[in-house]
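> Structure for this input, please:
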Amino acid sequence: MSGLLYIVSTPIGNLKDITLRAIETLKAVDFIICEDTRVTSILLKHYDIHKELISMNAQSESRKIPQLIARINKGESCALVSDAGTPTISDPGVRLISEAIKNNIQVVPIPGASAVITALSISGVPTDAFLFEGFLPNKKGRMTKLKQLANEERTIVLYESTYRIEKLLKELSEFMPERFLVICRELTKKFEEVRRGYPKELLESFKNSVNKGEFVVVIAPTRVRE
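Numbers count the residues shown, from 1 in each chain. A predicted model of the protein is given here:
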């Protein structure tokens, strides 16, 4: 395993949703790069894995990459993980992988859970073609992006936070009122919830409920009706 960079998928909620290969890899590498050491420590403790953890986020990525690449070039093996799911999908890590490739370091995928694919798999809407947009811009460019997406005919997948889910539903009521939605909250966790309906009716239901957690919003194609 010497001198390799492993991209290891971790659970999106339920700690049992991890592959045997992922566990073996995390036990074998010399060190692990993660977003938040506190979050990753919970997973490692659960599987009795004891490794050096190095935090790397969007702010520290460019500063830390040279030293990480240097260690791998010297023969150390490394695993990149995110707080939840597959690394680099709306998470840091792309720069590290790009730099590893430039340095002729082999990048090895260890596939596993992904909130995007999990939500699509239970959505009941066409998945033969879809557009993943992650988190929409919070302010600048948000309206422009929503106008663009309103003309998109494929299934659309978005991420949204607790604090903006009602705002998003209001916007979808304006820009895509006839598009059927599947909203997944806290996937694989204790309070997992899936709601289906049109933007306006879902907005009303969200106003009268507790909406804590992370959301995946699946927007059906224009040709789909309930």
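> is it true that residue 26 touches residue 50?
No - no contact is recorded between residue 26 and residue 50 when judged using Cβ atoms under 8 Å, the distance being 10.1 Å. Quick note: C-beta positions are derived from backbone N, CA and C, even for glycine.
> what about residue 148, how many residues close to it?
If you count neighbours by other Cβ atoms under 10 Å, residue 148 ends up with 12.
> swap in residue 128?
Neighbours around residue 128, by other Cβ under 10 Å: 7.
> Now for residue 196: which residues touch it?
Residues in contact with residue 196 (Cβ atoms under 8 Å, 6 or more residues apart in numbering) are 124, 180-183, 226.
> Mind checking which of these are buried?
180-183 (16 or more other Cβ atoms under 10 Å).
> hang on, the earlier thing: which ones among the contacts of residue 196 are found in helices?
In helices, judged by DSSP state H, none of those are found.
> Those in strands, which ones?
The strands, defined by DSSP state E, take in 181-183 from the contacts of residue 196.
> quick revisit: anything in contact with each of residue 26 and residue 50?
residue 44.
> ok, back up a step: what is the most widely separated pair among the contacts of residue 196?
By the measure Cβ to Cβ, the contacts of residue 196 have their two most distant members at 183 and 226, which lie 14.1 Å apart.
> Just want the most central residue of this structure.
For the chain, the residue whose C-alpha lies nearest the mean C-alpha position (Cα atoms, centre = their mean) is residue 89; its distance is 5.0 Å.
> ok, back up a step: in CSV, list the buried ones among the contacts of residue 196 along with pLDDT and distance to residue 166.
Written out in CSV, the entries for the buried ones among the contacts of residue 196 read as follows (pLDDT from 0 to 100; distance: Cβ to Cβ, whole Å):
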residue, pLDDT, distance to residue 166
180, 97, 19
181, 97, 13
182, 98, 17
183, 97, 11
